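*Asks:* just a sequence and a predicted model for now, questions to come.
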Amino acid sequence: MNKINYVQFYLMIQALPQALKALRSNPARTVLTTLGIIIGIAAVILVLSAGAGFRAIINDQIATLGTNTLVIATRVPPTTKNRAAAQANNGPSFDATVAITSFKMRDLEEVKRLPNVSNVYGIAVGQATASYLNNKKSIMYFGVSSGRFEIDKGTLAKGRFFSDGEDKGAGQVAVLGSAVAGNLFGQDEPLGKYLRIGTLNFLVVGVYNPRGGPVGGGDDAVYIPLVTAQKKLLGIDHIARGVVEMQNINLAETTVDDIRLVLRHNHDIANPAKDDFTVATQADVLGTLNTIFNGITILLISIAAISLIVGGVGIMNIMYVAVTERTAEIGLKKALGARHADILNEFLIESVLVTVLGGIIGILAGGFLGWLVSAIAGSFGLSWKFIVPFSAIILAVGVSGGIGMVFGILPARQASKLDPIRALQYE
């Protein structure tokens, strides 16, 4: 190894203990210097961890519906009047005050006869106060046809699902989400007891295992026969949504087209632009949710980046101070043969080490906060998984190191350009 390479190697080896010594010499300054990096990296880790946990909940909930299902929902078609108003205001051409009442169970019964469809169920949704003895709770109730229990992957902790006969006969029976059962019945056995919803009494025939999410109602919902909800509680004959189970998921697009043809025929729709319904696969739903999650994640990370920039400025300031404090040392090294590039590399390495140290602390802090979020979510009954994506750790280390390089370059250049004679005379 020649002299120049030896000096370069020596300076690189010495950079780590010198950086650590500089950090230990003024711990308060070190903490304040790296605080911006720590906060920024912690925020990034927290956002990515929380996002991964929430995505896991949604994925699990969609999985309970089955990856081979389609969802039919009502949609207000654009009219000439609201389309013109929307164009004038650059807004959507829909009138949200109009309710669609044309989607009915007979539509789903015809859909069920399509070649690739194995089962269907309809949904009507309402809100009411549920009570048992002196306990009351505001709940969402879902009127569902019995096909739900053959399609849905949720399992019961006790009891049974209601039958097709109980559905079509408008039976007053109910299957409870786990949270509703716990809140209203406490230690009492809910099976065989009567739960009051609105003005009607419902016999509890089943209780779900904890589901841990909002899709399909979650643990705070009550499930009753669809016909009962329509005729006795809501006073309607239409449904809000329909779920379709396919035999072959590879024929999803063909099945969607077939469903659209059936509904357009039933609803006398000649122009597809005037559809009063939408048909979406679970992949479509998941894709839409992922787009939303990605947008929110980018926004939050952009906000966290402000802390990283502030931290970078702090790193640059501390490195300028380090250059001033070690001017004589720099002069001595240059007198012994160190080149401009050697001094530049030494201070850049020190800057990167400082920021990476802040990044590591930020990763630990962000991971702890992510765990805390999962614990709090779990206390509310959500099956929130604590996840810290490995990509987030790589990103955090890379970003912190990059900040050290970017904001350390100016102080390092100043150090490398010092005149050795003047530097040796500096006191």
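*Replies:* Here it is on my side, so go on.

*Asks:* and stretch 163-171, end to end?
*Replies:* 9 Å (CA to CA, to the nearest Å).

*Asks:* tally of neighbours for the nearest residue to Tyr121 once chain neighbours are set aside?
*Replies:* Nearest residue to Tyr121, sequence neighbours excluded (CB to CB, 6 or more residues apart in numbering): Gly147, at 3.6 Å. C-beta here means a position set from N, CA and C on the backbone, and glycine is covered the same way. By other CB atoms under 10 Å, 22 other residues sit near Gly147.

*Asks:* ok, Gly147 to Val243 distance?
*Replies:* 8 Å (CB to CB, to the nearest Å).

*Asks:* now the common contact residues for those two.
*Replies:* Both Gly147 and Val243 are in contact with 120-121, where contact means CB atoms under 8 Å, 6 or more residues apart in numbering.

*Asks:* need phi/psi at Asn201.
*Replies:* phi -100, psi 140 (degrees, to the nearest 10).

*Asks:* OK, contacts around the closest residue to it other than its chain neighbours?
*Replies:* Excluding its sequence neighbours, the residue lying closest to Asn201 (CB to CB, 6+ apart) is Tyr194, at 4.5 Å. Neighbouring residues of Tyr194 by CB under 8 Å, 6+ apart: 132, 201-204.

*Asks:* beta partners of Tyr194?
*Replies:* Beta bridges link Tyr194 to Leu203, judged by DSSP bridges.

*Asks:* now the end-to-end length of stretch 240-252.
*Replies:* End-to-end for stretch 240-252, by CA to CA: 22 Å.

*Asks:* give the rounded mean pLDDT of that stretch.
*Replies:* Stretch 240-252 carries an average pLDDT of 90.

*Asks:* and of the contacts of Tyr194, the nearest to Gly312?
*Replies:* Nearest to Gly312 among those is Tyr132, at 58.8 Å by CB to CB.

*Asks:* next, give phi and psi for that closest one.
*Replies:* Per degrees, to the nearest 10, the backbone of Tyr132 is at phi -140, psi 120.

*Asks:* for the nearest residue in space to it that is not next to it in sequence, the count of nearby residues, please.
*Replies:* For Tyr132, ignoring the flanking residues on the chain, the nearest one in space by CB to CB, 6+ apart is Leu184 at 4.4 Å. Neighbour count of Leu184, defined by other CB under 10 Å: 23.

*Asks:* pretty sure Leu184 sits against Lys137.
*Replies:* Yes - with contact defined as CB atoms under 8 Å, Leu184 counts as touching Lys137 (5.8 Å).

*Asks:* Gly359 and Gly218: what is the separation?
*Replies:* In terms of CB to CB, Gly359 sits 37 Å off from Gly218.

*Asks:* which of the two has more neighbours?
*Replies:* Gly359 (31 against 21).

*Asks:* Three-state assignment for the residue nearest to the more buried one when sequence neighbours are not counted, please.
*Replies:* Nearest in space to Gly359, with sequence neighbours left out and distances taken as CB to CB, 6+ apart, is Ser400 at 2.9 Å. Classification of Ser400 using DSSP: H, G, I helix; E, B strand; the rest coil returns helix.

*Asks:* dump the residue contacts of the closest residue to Leu114 other than its chain neighbours.
*Replies:* Spatial nearest neighbour of Leu114, excluding adjacent residues (CB to CB, 6+ apart): Asp258 at 5.0 Å. Neighbour list for Asp258: 114-116 [criterion: CB under 8 Å, 6+ apart].

*Asks:* drop anything exposed from those.
*Replies:* 114, 116 (16 or more other CB atoms under 10 Å).

*Asks:* nearest to His265, of the contacts of Asp258?
*Replies:* Of the contacts of Asp258, the one sitting nearest to His265 (CB to CB) turns out to be Leu114, at 12.4 Å.

*Asks:* circling back to that earlier point, in CSV: the contacts of Tyr194, plus pLDDT.
*Replies:* CSV is the format used below for these (pLDDT from 0 to 100):
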residue, pLDDT
Tyr132, 92
Asn201, 95
Phe202, 96
Leu203, 95
Val204, 95
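
*Asks:* mark which of those residues are buried, thanks.
*Replies:* Buried among the contacts of Tyr194 (16+ other CB under 10 Å): 132, 202, 204.

*Asks:* the closest residue to Ile239 other than its chain neighbours: neighbour count?
*Replies:* Nearest non-adjacent residue to Ile239, counting by CB to CB, 6+ apart: Gly122, 4.0 Å away. Neighbours of Gly122 under the rule other CB under 10 Å: 27.

*Asks:* quick one: the strands in this protein, in order.
*Replies:* Using DSSP state E, the strands of the chain run over residues 69-74, 117-132, 135-144, 156-159, 173-176, 194-197, 200-208, 221-225, 241-246, 277-281.

*Asks:* quick one: low-confidence ranges for the stretch 51-200 of the chain?
*Replies:* 60-67, 78-99 (pLDDT under 70).

*Asks:* burial of the residue lying closest to Lys274 once chain neighbours are set aside, as a residue count?
*Replies:* Residue nearest to Lys274 in three dimensions, not counting chain neighbours: Pro77, with 4.4 Å by CB to CB, 6+ apart. The local packing of Pro77 (other CB under 10 Å) involves 20 other residues.

*Asks:* now Ile292
*Replies:* Quick note: Ile292 (other CB under 10 Å) scores 10 neighbours.

*Asks:* same deal with Asn248?
*Replies:* Asn248, neighbours per other CB under 10 Å, totals 12.

*Asks:* tell me how far the residue nearest to it when sequence neighbours are not counted lies from Val243.
*Replies:* Spatial nearest neighbour of Asn248, excluding adjacent residues (CB to CB, 6+ apart): Asn116 at 5.7 Å. From Asn116 across to Val243, the span is 15 Å (CB to CB).
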